[in-house]
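Q: sequence-free structure coming up:
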C-alpha cells in the first residue's frame with residue numbers, strides 16, 4: 001500500500017492557516033471576550049506570527065530540497081523559542097501566590113524606555129498578570145495550549161526539513 005503524495009506547499013499552507021487561526025483566536029479572546037493579554041502572551045503571539053510568515057513565504061516560494069530544509073529549520077527554531085516562552089509562562093502560572101512579581105509595566109512601555117536586554121529580562125521574570133489564569137480548556141491554560149501548538153509547529157518544521165521532498169512518493173507502510 002502506498003501513501004498519497006504529500007505536497008510540501010500544502011504543508012506550508014496548512015501551517016500558515018493554523019498560525020492565522022491562532023492569531024484570530026487570540027484577537028477574539030482579547031477584543032471579543034475582553035481578556036487582556038499579559039506581556040508573555042504578546043511575545044508568544046509574536047512567535048506565532050513569525051512562524052506563520054515563514055510558512056506563508058515557504059508556500060509562495062515552493063522550494064526544493066535545501067529550501068525546504070532552510071524553512072523547516074527556521075520553523076523549528078521559532079517554535080522552540082516560542083515553546084520556551086510558553087513553558088516559562090506555564091511555570092509562572094503554577095508558582096505559589098506571592099512569589100511572582102507584582103504588576104509591571106506593559107510591553108510597549110518597556111520597549112520604549114528600557115534597553116532590549118533589560119526588557120527581555122523583565123519579560124522573562126513575568127508579572128502577576130502572567131500568573132493569572134483567565135481561561136482554560138480541559139485543564140490547560142492558554143499558555144499550556146500554546147506549548148502544544150508550538151510542539152506541533154516544531155513537528156511540522158521537522159517534517160518539512162527532513163520529511164518528504166517535493167515530488168517524492170511517501171514510503172510504503
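A: Now that the structure is in, tell me what you want to look at. Worth saying up front: this structure is predicted, and the values here are computed from it rather than measured.
Q: Tell me the buried residues in the strand or helix carrying residue 51?
A: Per DSSP states H and E: residue 51 is located in helix 39-61. Within helix 39-61, the residues scored as buried using 16 or more other C-beta atoms under 10 Å are 39-41, 43-45, 47-52, 54-56, 58-59. In short, each C-beta sits where N, CA and C put it, glycine included.
Q: which other helices and strands contact it?
A: The elements that helix 39-61 packs onto, with contact taken as 3 or more C-beta pairs under 8 Å, 6 or more residues apart in numbering; DSSP states H and E, are helix 8-27, helix 65-93, helix 107-113, helix 116-125, helix 128-131, helix 142-162.
Q: Name the residues that touch the last one?
A: Defining contact as C-beta atoms under 8 Å, 6 or more residues apart in numbering, one finds that helix 142-162 is touched by 8, 11-12, 14-15, 18-19, 22, 29, 40-41, 44, 47-48, 51, 55, 58, 68-69, 71-80, 82-83, 86-87, 89-90, 93, 135-137, 140.
Q: ok, 6 Å please
A: Contact partners of helix 142-162, identified using C-beta atoms under 6 Å, 6 or more residues apart in numbering, comprise 11, 15, 44, 51, 68-69, 72-73, 75-76, 79, 82-83, 86-87, 89-90, 135.
Q: now these: which count as buried?
A: So, by 16+ other C-beta under 10 Å, the buried ones in those are 11, 15, 44, 51, 68-69, 72, 75-76, 79, 82-83, 86, 89-90.
Q: just these: which has the poorest pLDDT?
A: Confidence by pLDDT is poorest for residue 89 among those, given 81.
Q: contacting residues around that one?
A: Counting by C-beta under 6 Å, 6+ apart, residue 89 has contacts 40, 143.
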